[in-house]
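**Q** please work out how this folds:
(one chain, ligands or ions: 1)
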Amino acid sequence: MGLPEAAVLDRLWDTVEERRLSGDTTISHSARLLARGTAKVAQKLGEEAVEAVIEAMAGNRRALIGESADLLYHLIVTWVDAGIRPEDVWAELVRREGISGIAEKAARQNLSSAGVVKAGETTKLP
Ligand SMILES: N=c1c2ncn([C@@H]3O[C@H](COP(=O)(O)OP(=O)(O)OP(=O)(O)O)[C@@H](O)[C@H]3O)c2ncn1[C@@H]1O[C@H](COP(=O)(O)O)[C@@H](O)[C@H]1O
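**A** You can find the predicted model right below:
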């Protein structure tokens, strides 16, 4: 295998989806977490995000790599629970490619100040 690459995320999604469909909750962490329901899945996502924040603030590069993997895993479990496929998210990132985040936000603010978009509404595609 060459350098690790992002395709691992697609493989991980396939594995977690398989655990949702036929995983044994006594041996599969994913099956057990998904069986606990959306609130628990979302809680764990939040917890892992905070753990990544803590390591980033502490400047613990190695620990932040580990917490990043935990966060990505729990984000994928959240996608599986919500019926989101990786390509749904990859398509959104591709749509945004080449559009500066600053220009994107300014355009949204112009739309809302022109009354085209009500404040609080987003012009981001669903
Ligand atoms: N990438 C991961 C991965 N990252 C983290 N974790 C698990 O996530 C859990 C996080 O620990 P926590 O204490 O935060 O969560 P918890 O055990 O629910 O504890 P509580 O908060 O409920 O008390 C640990 O058990 C980690 O092992 C993962 N479990 C699985 N995977 C991948 O998913 C695949 C399928 O795993 P299973 O579903 O277990 O078969 C594996 O082959 C891996 O590729």
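
**Q** could I get the pLDDT score of the most centrally placed residue in the chain?
**A** The centroid of the chain falls nearest to residue 75 when counting by CA atoms, centre = their mean (4.1 Å). If you check residue 75, the pLDDT there is 98.

**Q** separation between it and the ligand?
**A** 11 Å (CB to the nearest ligand atom, to the nearest Å). The way it works is simple: take the backbone N, C-alpha and C, and place the C-beta from them, glycine included.

**Q** could you shift the numbering so residue one becomes 172, and keep it that way?
**A** In the new count, where the first residue is 172, that last one comes out as residue 246.

**Q** residues contacting that residue?
**A** Shown in contact with residue 246 (CB atoms under 8 Å, 6 or more residues apart in numbering): residue 216.

**Q** gap between it and residue 239?
**A** 10 Å (CB to CB, to the nearest Å).

**Q** quick one on the thing from earlier: state the helix or strand in which the residue nearest to the centre of the chain lies.
**A** Here residue 246, judged by DSSP states H and E, is contained in helix 232-253.

**Q** now residue 197
**A** Going by DSSP H and E, residue 197 is not in any helix or strand.

**Q** report how many residues lie close to the spatially closest residue to it that is not a sequence neighbour.
**A** Computed as CB to CB, 6 or more residues apart in numbering, the closest residue to residue 197 that is not its neighbour in sequence is residue 203, at 7.7 Å. Counted with other CB atoms under 10 Å, residues neighbouring residue 203 total 15.

**Q** and the one 10 residues further on, by the same measure?
**A** For residue 213, the count of nearby residues is 15 (other CB under 10 Å).

**Q** test my guess that it contacts residue 249.
**A** Yes. Here residue 213 reaches residue 249: they are 6.5 Å apart, a contact under CB atoms under 8 Å.
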